[in-house]
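Asker: sequence? don't have it. structure:
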């Protein structure tokens, strides 16, 4: 990391994160709980951030590689500091606390706690709040309030932290575009809190559920996830999970009344169709498991959307689902929703491009002399973009296999190993036959934590960071 401005930007990010930790401190005071587990890490994070931000730099220029390094290094350091409140509060050991913090920040939703209802209210808030921060990304928040780079080169940071977001085509200023995105994010949040309140859910719990929903996180304050909330609240959560899986550019186009442009999105149309078809399939396969058609439909809608958007909430036991549904849901878990959303997975847009590439290659075999151009949203896709997509999918599969091998050393059966890796790497959290990760070894927790970071940052930033360290 020869460019010293990297440290300066990471310092600003850490300072911002330390300030954000004031909110769980306030919740601690409200519920008359110990504030020190949050105060000490916040002070430590602030001091480290202040020291890094004071580093003198010769140039303010930011390169694309620097953006990847800043994002990956910031996420690693934030994860370390975010784990300390759980460790200092004696709620868990350091490795388990790190797993929980990374799970929250990457909006995965997997947990090491078997009884979350025994946790202090401030810790329950903290976990959901980490979801909320990680949903859009701590870097994007800093970029929205603090100018990080001259000549708007901070777009490199946005592309590294929110892959699949192409809002720069609609708004010339990165900062303006981020403000619009956050207005949409907060708008969804406020609307869901009010909607849940109207169904009878109290304000505090509505806030926790909402922060986990719009970030597509999945951590809750109840041991049975959301099984005990009323049916109307479950339906509202399902709706907002679906909306949170939409590329935020679509919302932006709707706000500025470009309705035709919004609904012309190829990815959005496939996302809607895939969701509807999957819900119908799951419903037809599982409705007999429930007391009524309405209950079967609600469960099918909720769990399909929950897994497809990598949220990970549940309202009943999904372990009773037949194998056909499990295979489909595991596929949806890996694909997830749209690029430019808060979801994990390798995204619908990449799936579309992959199938178009396969179709083109088959046509080339049949007609060797023909020329076939791949188009996405009626625009020609460059060979560089196609190759990048293929590389990403290969790396995605490779890392899953490697992490599965490491986790298999834990001695669990293949089903548990597969589900644990798929759900964490895809940042989903909800999986079959696993309720929490308390019994996983420290090695498995570290491997799965790395998988969560790789899934959230979509692999390349961490590879760039590791490659830079080797030089």
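Answerer: Cool, got the structure. Predicted model, so just to flag it, every value in this text is computed and none were measured. Residues are numbered from 1 along each chain as shown.
Asker: element containing residue 440, please.
Answerer: Here residue 440 sits in a region with no helix or strand, counting by DSSP states H and E.
Asker: So it versus residue 452, what's the distance?
Answerer: 13 Å (Cβ to Cβ, to the nearest Å). In this view, the C-beta of every residue, glycine as well, is placed from N, C-alpha and C.
Asker: of the two, who's got more company?
Answerer: Neighbour tally, residue 440 and residue 452, criterion other Cβ atoms under 10 Å: the higher count belongs to residue 452, 29 against 23.
Asker: list the contacts for the nearest residue to that one once chain neighbours are set aside?
Answerer: Excluding its sequence neighbours, the residue lying closest to residue 452 (Cβ to Cβ, 6 or more residues apart in numbering) is residue 106, at 4.5 Å. The neighbours of residue 106, taking Cβ atoms under 8 Å, 6 or more residues apart in numbering as the test, are 134, 344, 427, 452, 453, 455, 456.
Asker: so the fourth one, which of the three states?
Answerer: It stands for residue 452. With DSSP: H, G, I helix; E, B strand; the rest coil as the basis, residue 452 sits in helix.
Asker: Distance of residue 440 relative to residue 408?
Answerer: Shown here: residue 440 relative to residue 408, a distance of 12 Å by Cβ to Cβ.
Asker: again with residue 337
Answerer: Taking Cβ to Cβ as the measure, residue 337 falls 29 Å from residue 408.
Asker: Please say which of those two ends up with more neighbours.
Answerer: Of the pair residue 337 and residue 408, residue 337 is the one with more neighbours under other Cβ under 10 Å, namely 31 against 16.
Asker: What's the local residue count around the closest residue to the more buried one other than its chain neighbours?
Answerer: The shortest distance from residue 337 to any non-neighbouring residue, by Cβ to Cβ, 6+ apart, is to residue 245 (3.0 Å). In terms of burial, residue 245 registers 24 neighbours under the definition other Cβ under 10 Å.
Asker: mind checking pLDDT for residue 245?
Answerer: Per-residue confidence at residue 245 stands at 94 (pLDDT).
Asker: That one is in contact with residue 308, isn't it?
Answerer: Yes. Here residue 245 lies in contact with residue 308, judged by Cβ atoms under 8 Å, at a distance of 6.7 Å.
Asker: Now the common contact residues for the two.
Answerer: Jointly contacting residue 245 and residue 308 under the rule Cβ under 8 Å, 6+ apart are 336, 337.
Asker: picking that back up, among the contacts of residue 106, which one has the lowest pLDDT?
Answerer: The pLDDT minimum for those sits at residue 344, where the score is 87.
Asker: what sits against that residue?
Answerer: Counting by Cβ under 8 Å, 6+ apart, residue 344 touches 106, 107, 108, 216, 310, 336, 426, 427, 428, 455, 456.
Asker: Of the residues you listed, which belong to helices?
Answerer: Cross-referencing those against helices under DSSP state H gives 455, 456.
Asker: Now distance to residue 229 too, for the contacts of residue 344, in a markdown table please.
Answerer: Rendered in a markdown table, the data for these read as follows (distance: Cβ to Cβ, whole Å):
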| residue | distance to residue 229 |
| --- | --- |
| 106 | 25 |
| 107 | 20 |
| 108 | 22 |
| 216 | 18 |
| 310 | 20 |
| 336 | 24 |
| 426 | 25 |
| 427 | 23 |
| 428 | 20 |
| 455 | 28 |
| 456 | 27 |
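Asker: quick check, nearest of the contacts of residue 344 to residue 24?
Answerer: Comparing the contacts of residue 344 against residue 24 with Cβ to Cβ picks out residue 107 as the nearest, at 17.3 Å.
Asker: Leaving out sequence neighbours, find the closest residue to the closest one.
Answerer: Take residue 107 and drop its neighbours on the chain: the residue closest to it by Cβ to Cβ, 6+ apart is residue 217, 4.1 Å away.
Asker: Do I have it right that the one you found meets residue 312?
Answerer: Yes. Counting by Cβ under 8 Å, residue 312 is a contact partner of residue 217 at 7.3 Å.
Asker: Quick check: neighbours shared by these two?
Answerer: By the contact definition Cβ under 8 Å, 6+ apart, residue 217 and residue 312 are jointly contacted by 108, 109, 429.
Asker: Please report which of these has the highest neighbour count.
Answerer: These, ranked by neighbours (other Cβ under 10 Å): first place residue 108, 35 neighbours.
Asker: show me what contacts it?
Answerer: Going by Cβ under 8 Å, 6+ apart, the list of residues near residue 108 reads 102, 217-218, 310, 312, 344, 423-424, 427-429, 452, 455-456.
Asker: What separation do you get for it and residue 178?
Answerer: Distance check for residue 108 against residue 178: by Cβ to Cβ, it reads 24 Å.
Asker: So residue 381 is in contact with residue 350, correct?
Answerer: No. Checked against Cβ under 8 Å, the pair residue 381 and residue 350 is beyond contact range at 11.6 Å.
Asker: of these two, who's got more company?
Answerer: Neighbour totals were compared for residue 381 and residue 350, and residue 350 leads with 23 against 16 (other Cβ under 10 Å).
Asker: ok, now how distant is that one from residue 211?
Answerer: 27 Å.
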